[in-house]
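Asks: generate a structure from the sequence data that follows.
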Amino acid sequence: MYMPQLKVLPNAVILEHQKPLKGETLVQYAKRLSAQVDTSEPFILIGTSLGGIIAIEMARIIHPDKVILISSVKHRGEMPAWMRAMKHLKLHNLLSGQNFIRFSNANVKRLITKRDTKVARLLMDMHNSADPEFVGWAINEVVNWKGGEDYRKDVIHIHGMSDRLFPHDNIKDAVYIKGGSHVMGLTQSQDVNKAILKAIED
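Replies: This is a model prediction of the structure:
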């Protein structure tokens, strides 16, 4: 997912998603993931989509110099109404992790442009190799995420104006990427990388 970004951030460390422990909440998961970060030197957290939500929670614990979100949300209010409603309707409980992966594969082409066949293949590989248990857990935790507006106000939020999962109309105080989809880190990597580097330099 971050191959294009590693070209301009060669010293970045990728934190792989861990298998959630039984009964573990997203906040508890973020705390466990935070233990992998070397906080002895200045550091920045960058998170995409679910990783951005986790980065927000990690920032409450380990206090990075900066937090950069890509195609994500800073708090629950930036989620689309249908996603917020799922918490009360519980409809997400009808969709298993495996079924979500199948559904997601069928909609990969809706997230990207038709010319990005290489990206489409990469996304298909990522979805097919995903752990259904993790996906099911992640869906439930995002739907139920409390995520209030008490996040750090200096968060740098890079967001695509054609993001269908998190529509940009709900996103406030962001660096908007024209035509950027939910996977713009891959499809419009030059624009995203430029925004990341500017955020770091500033």
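
Asks: contact partners for residue 154?
Replies: Taking Cβ atoms under 8 Å, 6 or more residues apart in numbering, we find residue 154 in contact with 66-67. Glycine gets a C-beta too; all of them are placed from N, C-alpha and C.

Asks: mind starting the numbering at 44 from now?
Replies: That works, and once the first residue is 44, the last one we named lands at residue 197.

Asks: what helix or strand is it located in?
Replies: Assigned by DSSP states H and E, residue 197 belongs to neither a helix nor a strand.

Asks: against residue 111, how distant is it?
Replies: 10 Å (Cβ to Cβ, to the nearest Å).

Asks: what do the two both touch?
Replies: Joint contacts of residue 197 and residue 111 (Cβ under 8 Å, 6+ apart) do not exist.

Asks: averaged pLDDT, stretch 111-118. What do you get?
Replies: Average pLDDT, stretch 111-118: 97.

Asks: show me where the protein has its helices.
Replies: For the chain, applying DSSP state H gives helices covering 46-49, 69-77, 93-105, 124-132, 140-149, 151-154, 160-171, 175-186, 227-230, 232-244.

Asks: tell me which of those helices lies nearest to residue 215.
Replies: Proximity to residue 215 (Cβ to Cβ) singles out helix 93-105 among these, at 14.5 Å.

Asks: now the closest one: buried residues?
Replies: Buried residues in helix 93-105, counted by 16 or more other Cβ atoms under 10 Å: 93-102, 105.

Asks: what's the answer for stretch 161-176, then?
Replies: Across stretch 161-176, burial judged by 16+ other Cβ under 10 Å covers 162-163, 165-166, 169-170, 173.

Asks: so what's the residue nearest the centre of the chain up against?
Replies: With distances taken as Cα atoms, centre = their mean, residue 92 lies nearest the centre of the chain, 1.5 Å away. By Cβ under 8 Å, 6+ apart, residue 92 lies in contact with 113-115, 208, 225.

Asks: with residue 94 instead?
Replies: residue 115.

Asks: repeat for the one 5 residues further on
Replies: Under the criterion of Cβ under 8 Å, 6+ apart, the contact partners of residue 99 comprise 90, 110, 112, 117-118, 190, 194, 198.

Asks: and the buried residues of helix 93-105, which is closest to residue 45?
Replies: For these, the nearest to residue 45 is residue 94 (9.5 Å; Cβ to Cβ).

Asks: gap between residue 79 and residue 189?
Replies: From residue 79 across to residue 189, the span is 24 Å (Cβ to Cβ).
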